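>>> just need the structure, nothing else, for what follows:
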Amino acid sequence: MEDKQAKHLEEWASGAGIEFDSEEAKAAYQYRTTLIKDAIQLQKTPDRVPIAPFVTWAPMVLYNVTAKDAMYDADVLGKVFHDFAHEFDADAANMPAKCSYGPTLDAMDYSLYKWAGGGLDDNSATQFVEKEYMTVDEYDHLIQDPTDFMFRVYMPRIAGKFKGIADIGTFYGLQEITLSNNLFTSFGAPQVREAVLALLEAGKQHYEWSAKLRPHIKSILSSGYPFLFGGSTKVPFDMLGDTLRGTTHLMMDMYRRPDKVLAACERLLPLMIKMGVDSFKASKNPNIFIPLHKGADGFMSDKQFQKFYWPFMKALMEGLIEEGCVPFCFVEGCYNERLKYLTDVPTGRCVYYFDKIDMAKAREALEGIACIAGGFPVSQILTGTVDSVRDETKKMLEVAAGNGGYILGISSTMDEVNRENLHAFMQAGKDFGTYQQ
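As a prediction, the model looks like this:
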């Protein structure tokens, strides 16, 4: 039986399809991706631990660019991420597209987030606006037809310019000429036409932004820096809690209507697998980012985790692995009490990037099972000294590197940064990041 994941990782590590600036750039790319690939597969490299810190707004801070400028000018955004990759020389670059495009959001009258230039000051990071975007009586609609619900109910609620989409008729009428009348008539309604035009304008804005950003992304790759992720997806429970019901309402649903929550998670599971696989097919990078938002210690009981979260998280990971992808779980919050579950995965097939955890316990529990990553406190980068950062990085490596399968990273994405401390972190990783013999 073909090992799809190993094949996809090997192809990604080879740099196939990338036009490199030079043979030296190609060799540097292959060196970096091989470090990461070997860590994922729990192999010791003859050299060192890979280093891959997460950043979002930190490059703007370093290069004196406002968040608003970065969100409204693709060239500004692309340049600062390119410069950041070259200055700090990590083994994986950060994708600039994660910051999104202000004019697209403006064209939608987007309300799911606030951003610099869109409700926040010019230097603010984006902020999620959590609300009840799916009412309790709409569980059945989501379960029966997720696409119809997301298109005709959810989209009009999160984007003011899309309100008219709610008045589009169902597409099932296309089965017969006479049954199509209501659908075609609905597209002629003024509010629907206005919404469709707004959708086209938002799409045009985003298409043009992507075209402008593409040369910067290509330049990062061609100069020898891979991107750590090829796409993303979510655990079904997080999709419900973050995007649809909101945290408070979903917490009540676990008690008041647990069967609906479970049915919705079951319905969303194959779609979340497909979301990850589709993004891999587009990027050719099999590492799929999965932010874990609501499964942490203290958020729900162990019994609830067993019932509502872990079965779907595990099934999501297994589905991605079966398709040759690497589940790259960003384990947000504390998972000291959840480690026993995280061990129940195929060996050498996934990554757990930790936020707040006892990394010694994580190494002990997951040694020989899964690659671990992260764990270095972002507070050290922001408020420590060069010497303290260097000392703490050395300690982290002694605890976490083990016998293979560790990626040195910072506990959470950085929106602010101390330049000297981040350089100290990177250099310490290269100086001390050898695996135990």
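>>> after the strand ranked longest in the chain, next one along is what?
Ranked by residue count under DSSP state E, the longest strand found in the chain is strand 326-334. As assigned by DSSP states H and E, the chain's next helix or strand after strand 326-334 is helix 339-342.
>>> where does pLDDT dip in the stretch 151-300 of the chain?
Across the stretch 151-300 of the chain, nothing is flagged by pLDDT under 70.
>>> helices of that one, start to end?
Here the stretch 151-300 of the chain has its helices, by DSSP state H, counting those that start in this stretch, at 155-158, 181-188, 190-222, 236-238, 247-256, 258-283.
>>> sorry, back to before: partners of the longest strand of the chain, with directions?
strand 287-292 (parallel), strand 351-356 (parallel) (DSSP bridges).
>>> still on that earlier bit, can you check which of the helices of the stretch 151-300 of the chain gets nearest to residue 137?
Nearest of those to residue 137, taken as C-beta to C-beta: helix 258-283 at 10.1 Å. For every residue, glycine as well, the C-beta is placed using N, CA and C.
>>> what packs against the closest one?
Applying 3 or more C-beta pairs under 8 Å, 6 or more residues apart in numbering; DSSP states H and E, one finds that helix 258-283 contacts helix 139-144, helix 146-149, strand 231-232, helix 236-238, helix 247-256, strand 287-292, helix 310-322.
>>> residue 374 and residue 413 touch, don't they?
No: at 10.4 Å, residue 374 does not count as touching residue 413 under the criterion of C-beta atoms under 8 Å.
>>> please identify which of these two sits among more neighbours.
Neighbours per residue, other C-beta atoms under 10 Å: of residue 374 and residue 413, the larger number sits with residue 374, 29 against 18.
>>> that one bridge partners, please.
residue 354.
>>> roughly how far apart are it and residue 308?
Noted for residue 374: a distance of 25 Å to residue 308, by C-beta to C-beta, to the nearest Å.
>>> and if you look at residue 35?
As judged by C-beta to C-beta, residue 35 and residue 308 stand 36 Å apart.
>>> neighbour count for those two, which is higher?
residue 308 (25 against 22).
>>> got the contact list for stretch 402-410?
In this structure, residues lying in contact with stretch 402-410 by C-beta atoms under 8 Å, 6 or more residues apart in numbering are 36, 38-40, 42-45, 49-54, 348, 351, 353, 363, 366-368, 370-378, 381, 393, 396-397, 400, 425, 429, 433, 435-436.
>>> residue contacts, residue 343?
Neighbours of residue 343 in contact, by C-beta under 8 Å, 6+ apart: 365, 366, 369, 370.
>>> am I right that the third one is in contact with residue 347?
Yes: in terms of C-beta under 8 Å, residue 369 counts as a neighbour of residue 347; the distance is 5.7 Å.
>>> neighbour count winner among those two?
For residue 369 versus residue 347, neighbours defined as other C-beta under 10 Å are more numerous around residue 369 (19 against 10).
>>> which SS state does that one fall under?
coil (DSSP: H, G, I helix; E, B strand; the rest coil).
>>> contacting residues for it?
So residue 369 contacts 343, 345, 347, 348 (C-beta under 8 Å, 6+ apart).
>>> for residue 111, state which of the residues you listed is nearest.
With C-beta to C-beta as the yardstick, the closest approach to residue 111 among those comes from residue 345, at 37.3 Å.
>>> distance of the closest one from residue 171?
39 Å.
>>> what's the answer for residue 80, then?
43 Å.
>>> neighbour count: the two, which is higher?
residue 80 (24 against 13).
>>> not counting sequence-adjacent ones, nearest residue to the more buried one?
residue 59 (4.2 Å; C-beta to C-beta, 6 or more residues apart in numbering).
>>> in contact with the one you found, which residues?
65, 80, 81, 83, 84, 94.
>>> could I get those residues in CSV, plus columns for distance to residue 119 and secondary structure?
Shown next, in CSV, are the contacts of residue 59 (distance: C-beta to C-beta, whole Å; DSSP: H, G, I helix; E, B strand; the rest coil):
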residue, distance to residue 119, secondary structure
65, 20, coil
80, 23, helix
81, 24, helix
83, 28, helix
84, 26, helix
94, 25, coil
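>>> the closest residue to residue 186 other than its chain neighbours - how many residues pack around it?
Distance criterion C-beta to C-beta, 6+ apart; nearest residue to residue 186, sequence neighbours excluded, is residue 169 at 4.1 Å. Residue 169: 19 surrounding residues under other C-beta under 10 Å.
>>> swap in residue 172?
Residue 172: 11 neighbours (other C-beta under 10 Å).
>>> and it, how far from residue 164?
20 Å.
>>> for residue 307, grab the count of nearby residues.
17.
>>> spell out the secondary structure type for it.
Secondary structure, three-state DSSP: residue 307 is helix.
>>> report the contact partners of it.
258, 262.
>>> what residues sit buried inside stretch 361-380?
Buried residues in stretch 361-380, counted by 16 or more other C-beta atoms under 10 Å: 362-363, 365-366, 369-378, 380.
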